[in-house]
Every structure is written in C-alpha cells, then in structure tokens.
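Enquirer: Provided below are the primary sequence and the corresponding predicted coordinates.
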Amino acid sequence: MFKRDSCGGRACLGLLVLVIANAGSSCLCAQGAADVKIQRIEFVGNRRVRSDTLKTRIFSREGDLYNEETLRRDFQALWNSQFFEDIKLRVEDAPGVANATIVVFEVKERPQIRRIRYDGIHSVSESDILDRFKERKVGLSVESQFDPTKIKKAQVVLKELLGEHGCQFAKVTPQYERIASSNAVILVFKIDEGPKVKVGKIKFTGNHAFSDRRLARAMRHDRPYAIPLYFWKLTVLTKTYDRQKLSEDLEHGGWSGYYFGLNRKQGFFNVKTGQEISETFGSRVWNQGALFDYNADFIFQSGRFGTGRILAGAISSNDGITLHNLRFQPRLAARFDYASGDSDQNGKNLNTFSPLFPNPQYSSISALLGPSNLTDVGPLIHFTLNSKTAIAPEMPFYWRSSIHDGIYNFAGVMIRPGNLSTARFVGYQPGLVLERTFPPHFSSSAGYFYFFTGQFLHETPADKGVGYFYATMTFRF
C-alpha cells in the first residue's frame, strides 16, 4: 500500500505493500508480476474531481501489465495535482479473473475555503488586502482549495502590507475552522498589529538647489506636526509611517508662476544700447515620480528697449527616469535649454533673452556661457554609489540660437560678437561630478569639465579649449 498524508504539513510515503484480497490466490507471487494485467482502476473518496479527470493524470491504463514502478509514478502524479490531502493506494486481485488486478486509489480531497476572516486588522481594509493578493498572484480566495503553500504566501504578503502602513512588527498567524458535515473550512488570519512605527527624522541627500527644510515642507503626509518658531519648528507629534503616503510625497509635483518688472537706464545687448523696461512672465512645472521626473521653466519677456520693443523668451527642462531596481539606481536624463537671441542687429527691436538672476552654474560651475542667445542639449546620468556618495557624468552641446547675435557670459556681458561668423555650433563640454554628504550638516562636491570649442569659436578666435576643476564644501543648519 502507498500512503501519503499531510503529517502536520510534511508528506509521508510508506512502502509498497500488495494486499491480496483473495488469500488463496498466489498468482502475483508464483507467476510474477510480468504476467498480471490491470483489469480496473478505481478512485474512492473523490467528490469535486471526476474519476475520468484523475485517470488522465496517471500513467497506468486498464489493460496494461501490472508494474510497481509505474504505480509509484501514478501515486506521485496524483499527489502533485494538489487536489488531495491524503492518498492511499491499494492493489487487489480481480474476483473470478486469473492474472488480473484492481488498482484502487483512496483519496481525501483538500477542503474548500468557504470564508476568509482577518481578525484583529485595523490599519488596512479587506479590499486593500484582496488587491495586494491579486497584485502578488497569491491565488487565495473564497471557494478555492485549502493549500498550505498559498496560505504561507498570503501570510508573507499580509505582513509586508501591514509593514507599509506602520505595522513593522505585526504578527500574522493563519488558522482554520472545520465546518461540520462538509469538507469545507473557514480560514482565519489572526493578526496582532503590534506598536505603530512613527516617522522619526527625515534626511535628504544629494539636494543642492533646495534646502532640507523646504523639501520637508513639501512632504504633506510624512512631515511631523510642528509649532513654527522664529528660527526653527518645534515638533509636537510625529506621523505614522505609511509606504503609500510616502510614495505620494516622493511623487510630489506642482506648478508655480512668477512675474518680474525691470527698469534699467542703460542696457547693452548685441551692438544695441538703450533704456530697458521689461516685464518677465514665467511658469515652472515639476514632478518627482517613482520612475519619471521632470522640471521645466517657460519664460516670456516683453517691454521696451530704447525706441523699439522687447520680444524674447527662454525654455529650460531637465527630464529623466530613475531605474531603482538596477545597481546604483541610475537616473538617465536629458537636458534642454533655449534662450532667444536677437534676429536683427541693426533693427530697433530686441529679441535677446535677458536673464534677470543668472545662475553662474548654467554651463557648469566654470560659468563660461550664460543663458542668452544659447541652445544646449545633452545627456545626464546620475549613479548613487551608496547612501552618501553619488557620481554624475554629463556632456552638453551648445549652439547659438540666432546667428545674428553673439554669445554672453552668465552676467549678460557679450564675450564674442555675432557678426564675425554665421556658424551656430559653439562647442561641447563633457564633465564628471562627484558628490559626498557628511551628515548631518556637511556636504561636498568636486568635478572636472573640459570645454571643446566648436566652429563658431574657431571662426572667431581665440579658440583654445578650457579645462576646469573645482571642489566645494557646504555647511547647512
């Protein structure tokens, strides 16, 4: 007899014992198993699974020669079907037929799950649990078969889900209750959520344009409740850690608009001079998603320059994707900047974009070029080596936006006139930046860039390339 049962979750396989129903017959022993045929294959105890279906899952067929090894394979195939929690195999002599046997499989079907309860759960809803089971392909549901493997997987997924909602120390214990007079159970997950995990301190690394305080203010869900004082905020209540709300904070985006008015008695652009009265309208949109992020500015300028009009504009964007599942979590991005230039150096109107508050790092910290009459495009890659160190190679390419205007430095001063060449390409500048933080207050950055001159600079000498190395140390409080 073969026998396999759950044995507390462990499979037990006994030895093959041939049970001869007719004690007076010794055909199997005397004549040898090679001459005995299988007259009939029977299944006893199956209700939900038909016998015809089970016969298709085994190798033996009625009329085949009796073979112990084949029966072992049949037994294993039925057990692997996951339909049964107990199987017994019995071989009997066929009554009234010489050299024939009857193979009987006695099976006990796994119970059916009639109901699933989650006792003691408060932090998540049952619909959240079902959605997570579906996402992780747990395969556990009402009316499904009782499967210890699936129940174990559901236990792990439940603990993970609770951990994302502040219950990092939750305990999940699966139990079941038999329903009388039926082969069905009620599956119960006993849950002890344990103490809530609070957001203690929020730290930021790699931020340069925005302070830690400003970034923390943007985190609506995870920043603590605090009383604002003169120089700092007094934390009075921290919030419960919630992975979904943290993801929403990480994907925080927004829109902003701004306006500046300027009245400058004497402006200098291209070969034009005059009083500059300008109005600048700008808009910024940004979003920091789990995968995709973007940051773009759109600026329009109008007004009066001398006796003519001002009509200029600029666009700046930095868009990328971060591959968190790869080593070093690379961020692959593209940079695009456009600042308009003058279309007619002899005309009275002005089309050169005027950067009101220029950033010296527009063309790296070397500040060789400024955002006037300039278009640049280039790839950016950011590798996070560890929680404190990052490395970022880049290589922007620069062109003149208008061939009728020159190029300017970051202060808006022309450094090369535009009437000496009709070439657009200014050059390209590969570089590498290394960033390192020293919590809680210090951060450092070092980089090397080399500017390779293009056709425009070759036609308007001097045109020698420039290499630049820098190192900085920043203290924040």
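Expert: Thanks, I have the structure now.

Enquirer: bridging residues for the nearest residue to residue 115 once chain neighbours are set aside?
Expert: If the residues on either side of it in the chain are set aside, residue 115 comes closest to residue 186, at 4.7 Å by CB to CB, 6 or more residues apart in numbering. Bear in mind the C-beta positions are built from the backbone N, C-alpha and C, glycine included. Beta-bridge pairing for residue 186 (DSSP bridges): residue 115, residue 177.

Enquirer: thought residue 318 was touching residue 380?
Expert: Yes - contact criterion CB atoms under 8 Å: residue 318 and residue 380 qualify, at 7.2 Å.

Enquirer: overlap in contacts, the two.
Expert: 333, 334, 335 (CB atoms under 8 Å, 6 or more residues apart in numbering).

Enquirer: in ChimeraX, select just the buried ones from these.
Expert: Selecting the buried subset of the shared contacts of residue 318 and residue 380 in ChimeraX, with 16 or more other CB atoms under 10 Å as the burial test, is done by:
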select :333,335
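
Enquirer: from the chain's centroid, how far away is the longest helix belonging to the chain?
Expert: The residue-count maximum for a helix in the chain (DSSP state H) belongs to helix 148-164. Computed by CA atoms, centre = their mean, to the nearest Å, the chain-centroid distance of helix 148-164 equals 20 Å.

Enquirer: could you name the helices and strands sitting against that helix?
Expert: Counting by 3 or more CB pairs under 8 Å, 6 or more residues apart in numbering; DSSP states H and E, the packing neighbours recorded for helix 148-164 are helix 126-135, strand 171-179, strand 184-192, helix 243-250.

Enquirer: chain center to the third one, what's the gap?
Expert: Looking back up the chat, that one is strand 184-192. 32 Å.

Enquirer: include pLDDT when you put the shared contacts of residue 318 and residue 380 into TSV, please.
Expert: Shown next, in TSV, are those (pLDDT from 0 to 100):
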residue	pLDDT
333	94
334	95
335	92
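
Enquirer: pLDDT of the helix or strand containing residue 42, averaged?
Expert: Per DSSP states H and E: residue 42 is located in strand 37-44. Strand 37-44 shows a mean pLDDT of 92.

Enquirer: now do the buried residues in it.
Expert: 38, 39, 41, 43.

Enquirer: among the residues you listed, which two are most distant?
Expert: Farthest apart among the buried residues of strand 37-44 by CB to CB are 39 and 43. That separation is 15.1 Å.

Enquirer: lowest-scoring secondary structure element of this protein by mean pLDDT?
Expert: In the chain, no helix or strand scores lower on mean pLDDT, DSSP states H and E than helix 27-30, which sits at a mean of 43.

Enquirer: hang on, residue 113 packs against residue 139?
Expert: No - counting by CB under 8 Å, residue 113 stays clear of residue 139, with 11.4 Å between them.

Enquirer: what about the two, which has more around it?
Expert: residue 113 (21 against 14; other CB atoms under 10 Å).

Enquirer: what does the longest helix of the chain contact?
Expert: Contacts of helix 148-164 (CB under 8 Å, 6+ apart): 6, 9, 118, 121, 123-124, 128-129, 132-133, 136, 138-140, 144, 170, 172, 174, 187, 189, 191, 193, 242-244.

Enquirer: what helices or strands is the strand holding residue 42 leaning on?
Expert: Short answer (3+ CB pairs under 8 Å, 6+ apart): strand 37-44 packs on helix 51-55, strand 100-109.

Enquirer: export it to PDB, keeping only CA atoms.
Expert: C-alpha atoms of strand 37-44 as PDB (Å, rounded to 0.1, in the frame of the first residue of the first chain):
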ATOM      1  CA  LYS A  37      -2.700  -7.200 -16.000                       C
ATOM      2  CA  ILE A  38      -4.700  -4.300 -14.600                       C
ATOM      3  CA  GLN A  39      -8.400  -5.000 -15.100                       C
ATOM      4  CA  ARG A  40      -9.800  -1.900 -13.500                       C
ATOM      5  CA  ILE A  41      -8.600   1.400 -11.900                       C
ATOM      6  CA  GLU A  42     -10.900   2.900  -9.300                       C
ATOM      7  CA  PHE A  43     -11.000   6.100  -7.300                       C
ATOM      8  CA  VAL A  44     -12.700   6.200  -3.900                       C
END
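
Enquirer: what's next to it, contact-wise?
Expert: 51, 54-55, 58, 60-66, 94, 97, 99-107.

Enquirer: switch the cut-off to 10 Å
Expert: The contact list for strand 37-44, computed with CB atoms under 10 Å, 6 or more residues apart in numbering, reads 49-55, 58, 60-67, 70-71, 74, 78, 88, 90-95, 97, 99-108.

Enquirer: same question for stretch 323-337.
Expert: Residues contacting stretch 323-337 (CB under 10 Å, 6+ apart): 290-291, 293-297, 314-322, 362-363, 371, 374-386, 390-392, 394-396, 398, 401.

Enquirer: repeat the analysis, applying 7 Å as the threshold.
Expert: Residues outside stretch 323-337 that contact it (CB atoms under 7 Å, 6 or more residues apart in numbering): 316-322, 371, 375-385, 396.

Enquirer: among the residues you listed, which lie within strands?
Expert: Within those, residues falling in strands by DSSP state E are 316-322, 375-384.

Enquirer: what sits opposite residue 283 in the beta ladder?
Expert: Beta-bridge partners, per DSSP bridges, of residue 283: residue 257, residue 298.

Enquirer: what is the neighbour count of it?
Expert: 13.
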